[in-house]
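Asks: predicted model follows, preceded by the sequence.
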Amino acid sequence: MSTLTLLASGEDKFTPPGLELFESPPIIPGVDWFTKPVLLALLSTLIVVAFCWSAFAKPKLVPRGVQNIGEMGYMFVRDQVARPFLGKDADRWMGLLLSLFLMVWVWNVMGVVPVLQFPVASHIAFPIALAIIVYLLKLYLGIKHQGPIGYFKNMMFPPGLPKPIYLLLGPIEFLSTMIIAPFTHAVRLFANMFAGHIILAFFSLVGFWFLFEKLTPLGAPLGVIGVVMTIAMTGFEMFIQFLQAFLFAMLAAMYIGNSLHSSH
Amino acid sequence: MPAMSEKKIRPEDDGRDFASAAWSVPSYILSGMILYGGAGWLLSKWTGVIIFTPVGLIIGVILAIYLVYRKYGR
């Protein structure tokens, strides 16, 4: 509530929340890099490690407790993310894909955890770091499995097209795979979390402003709408958080798959 | 071609591949627009004929969609 109080007090008219939502001061004075998103990212790492540890460290033949949930997550990532794109190579890449999926999901869920309430990926540096890892892996695997020339040849000139078409489509394919795809990979996650956080902040501020700060007969219904919308959008946001984590892992699997085998 | 035959092994994934690949379409369309829109913009700069820029953009989108169709549509 501190941000909301800060935003709402002092002025007489309603000001919607803006970029100041994403500015956080250093937690320890003097250590500039250690801010709230960094703390949440570290916390998320701990959560994912602790979860995977308790689920998979001592696997039982008949799973119970945390192992059950862990296996549900594993099966989901394997069947929905890894297998459609990697086929028989799926199992080898499950470590990376499951980590990516859980990591991004926990980052995103931080956006609706009370008190914490900040989606880590709404600072673009975090998705960029993950996207760069996937990008370097994609280049390495492509050159390793298809050869330095073969990789670019298979990428830009898939067989079965009339010659002049290559001249037109090759550059698009190259630009897309080399520059735009990793860019959209990171930006898609960032933009969704960024926008979602602003939407939640906006509606909760509407509710807070018109029901608590400036309670008037005409403003009260608007405040009620704000509260109702906050609840509805929180639910929707939780769905988006899951969807974006799924998409991020799925695109990573797709890039890896395309590097392992020439696409078509 | 080997990729094609591998796909036959798992018919249960048919269609899902396509639906999921659709998520990579935006990057193709962006690339097409940047490349051919950029070429059109350069042409406009040189010749002074403004129409080249929008024509280039549209050609870029059409080519990108055609590329996606050739790659993922069968």
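Replies: Everything's here; your move.
Asks: the residue most distant from the middle of chain A, which is it?
Replies: residue A:217 (41.1 Å; C-alpha atoms, centre = their mean).
Asks: can you tell me how far residue B:23 is from residue A:107?
Replies: 19 Å (C-beta to C-beta, to the nearest Å). Glycine gets a C-beta too; all of them are placed from N, C-alpha and C.
Asks: tell me which of these two has more neighbours.
Replies: residue A:107 (31 against 14; other C-beta atoms under 10 Å in any protein chain shown).
Asks: that one contacts residue A:43, correct?
Replies: No - using C-beta atoms under 8 Å as the test, residue A:107 is too far from residue A:43 to be in contact (9.8 Å).
Asks: thinking again about what came up before, so what does the residue farthest from the centre of chain A look like in phi/psi?
Replies: When quoted as degrees, to the nearest 10, the phi and psi of residue A:217 stand at phi -60, psi -40.
Asks: confirm for me that residue B:50 is in contact with residue B:44.
Replies: Yes - counting by C-beta under 8 Å, residue B:44 is a contact partner of residue B:50 at 5.6 Å.
Asks: between those two, which one's more packed in?
Replies: The neighbour comparison of residue B:50 against residue B:44 (other C-beta under 10 Å) goes to residue B:44, with 17 against 11.
Asks: what about the nearest residue to the more buried one once chain neighbours are set aside, distance to residue B:62?
Replies: With sequence-adjacent residues excluded and distances taken as C-beta to C-beta, 6 or more residues apart in numbering or on different chains, residue B:44 is closest to residue B:52, at 4.4 Å. Distance, residue B:52 to residue B:62, by C-beta to C-beta: 15 Å.
Asks: pull the number of nearby residues for residue A:64.
Replies: Other residues close to residue A:64 by other C-beta under 10 Å number 7.
Asks: what about it, which helix or strand?
Replies: In this assignment (DSSP states H and E), residue A:64 forms part of neither any helix nor any strand.
Asks: what sits against residue A:189?
Replies: Residue A:189 sits next to A:104, A:121, A:127, A:244, A:247-248 when contact means C-beta atoms under 8 Å, 6 or more residues apart in numbering or on different chains.
Asks: out of these, which touch chain B?
Replies: By C-beta under 8 Å from any C-beta of the partner chain, the members of the contacts of residue A:189 lying near chain B are residue A:247.
Asks: just the contacts of residue A:189 now: which is nearest residue B:28?
Replies: residue A:247 (16.3 Å; C-beta to C-beta).
Asks: roughly how far does the nearest residue to that closest one once chain neighbours are set aside sit from residue A:96?
Replies: In this structure, residue A:247 finds its nearest non-sequential neighbour in residue B:23, 6.2 Å apart by C-beta to C-beta, 6+ apart. Counting by C-beta to C-beta, the separation of residue B:23 from residue A:96 is 19 Å.
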